[in-house]
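> Pasting the sequence and the predicted coordinates here, then a few questions.
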Amino acid sequence: MTKYTLPPMRPELIVCPNAACGASERIGVHSHQERRYICHTCGATFSETTGTLLYGLHHPAWLVIVVLTLLAFGCPVPAIVAAFALDERTVAAWQQKAGTHARAVQEQVVCAGQVDLGQVQADELYVKTQIGPVWMATAMCVFSRLFVWGAISAHRDERLLTQVIAQVRAAARHGQAILFAVDGLASYPTTILKVFRDPARTGRRGRPRLVVWAELHIVQVVKHRTGKTVTAITRRVAYGSGQAAQEIMAATQVLLGVINTAYIERLNATLRTWMPALTRRSRTPARDVARLEARLFWTGGVYNFCHGHASRQGTPAMAADLTDHIWSVEELIRYGGPLRPLHAIL
Ligand SMILES: [Zn+2]
């Protein structure tokens, strides 16, 4: 396995993790053996894994990165355990750390008020797990295919939708027209309208009136079924204008036609294949909501930042103008640590 040893240390790729310093010049190698650096500006010495989930693990970084890559693409845990002679609990712990990290990256990079949302599709997926059936709610931006947020709960209720819609709002750049295409669930319009409103500035005393964002449109796509077959689809404008909704749709998707929820259904299908825990006949069923969410965010993070879309050059995060290159999984893992963006290396 010598093939997988880390490349030689390169101080020019490191920034000082000391928040008060942050120097990118005058960084030297402190110890080759321990892979530690020294900042000659503030005097701090630090490991190249400082501030990352790789810090303090009792396994080499390359192995953690390989295992997390396999997990993101749906490799079954028993296969990883067998291939690398790892304890199943070790793999589960790495998965949990990676999920927590990816969730934080999602909040810092995606849900930071920088995304021109255009058309948003939201949907819920019914998942059978060992703790019983749960609902996974997700939302995406159609134009960029960006996964915006997901949440999991035993109940398909307003609380579940609010977790997702609140992060959609956090991602949204203010002052843009937004079209929500959602299913027929009655809690969608109420939740969206509760979340997307701000206090009106009237200059008067007392509690300000709350006003829904201008240029917000909600279309509900209702599928009527006979058994499992969809026999008819009806659409209703739950809020805003049908004309404006059509215009936003035309501007945000390549395949024109009628407003539907096909894009989020396709993303959920992708997540399903990448997350064994979501597949009904799974050998590694999710045992609790926290683990399922960790898997969702890890898979969603790799999807957003590392996975080049087949029909276009680059990742959803690039299409959404959040980053300028395809991240390696290692780069996603090391995000927030002292390593500079890896595209600078390659
Ligand atoms: Zn420093």
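Alright, I've got the coordinates.
> shaky segments in the stretch 101-250 of the chain?
Applying pLDDT under 70 to the stretch 101-250 of the chain flags residues 130.
> Minimum distance to the ion, which residue of it gives it?
Relative to the ion, the nearest point of the stretch 101-250 of the chain is residue 108 (21.7 Å; C-beta to the ion). Where C-beta positions appear, they are placed from N, C-alpha and C, glycine not excepted.
> Report the contact partners of that residue.
Residue 108 sits next to residue 336 when contact means C-beta atoms under 8 Å, 6 or more residues apart in numbering.
> can you confirm it is in a helix?
Yes: under DSSP: H, G, I helix; E, B strand; the rest coil, residue 108 sits within a helix.
> buried set for stretch 238-251?
238-240, 245-246, 248-249 (16 or more other C-beta atoms under 10 Å).
> If you count contacts, what does the strand or helix carrying residue 95 end up packed against?
Assessed by DSSP states H and E, residue 95 sits inside helix 88-105. Contacts defined by 3 or more C-beta pairs under 8 Å, 6 or more residues apart in numbering; DSSP states H and E place helix 88-105 against helix 61-72, helix 77-84, helix 289-305, helix 329-334.
> Between these, which one is closest to residue 15.
helix 329-334 (11.5 Å; C-beta to C-beta).
> Could you list the residues in contact with that closest one?
49, 52-54, 64-65, 68-69, 72, 98, 101-102, 105, 301-302, 305-306, 339, 341-343.
> of these, buried ones?
Buried, going by 16+ other C-beta under 10 Å: 49, 52-54, 64-65, 68-69, 72, 98, 101-102, 105, 301-302, 305-306, 339, out of the contacts of helix 329-334.
> ok so, going back, mind putting the buried residues of stretch 238-251 into CSV with secondary structure and distance to the ion?
What follows is these, written out as CSV (DSSP: H, G, I helix; E, B strand; the rest coil; distance: C-beta to the ion, whole Å):
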residue, secondary structure, distance to the ion
238, strand, 53
239, strand, 51
240, coil, 51
245, helix, 51
246, helix, 54
248, helix, 47
249, helix, 50
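> Count the residues that sit near the residue in the stretch 201-346 of the chain positioned nearest to the ion.
Relative to the ion, the nearest point of the stretch 201-346 of the chain is residue 338 (9.7 Å; C-beta to the ion). Neighbours of residue 338 under the rule other C-beta atoms under 10 Å: 23.
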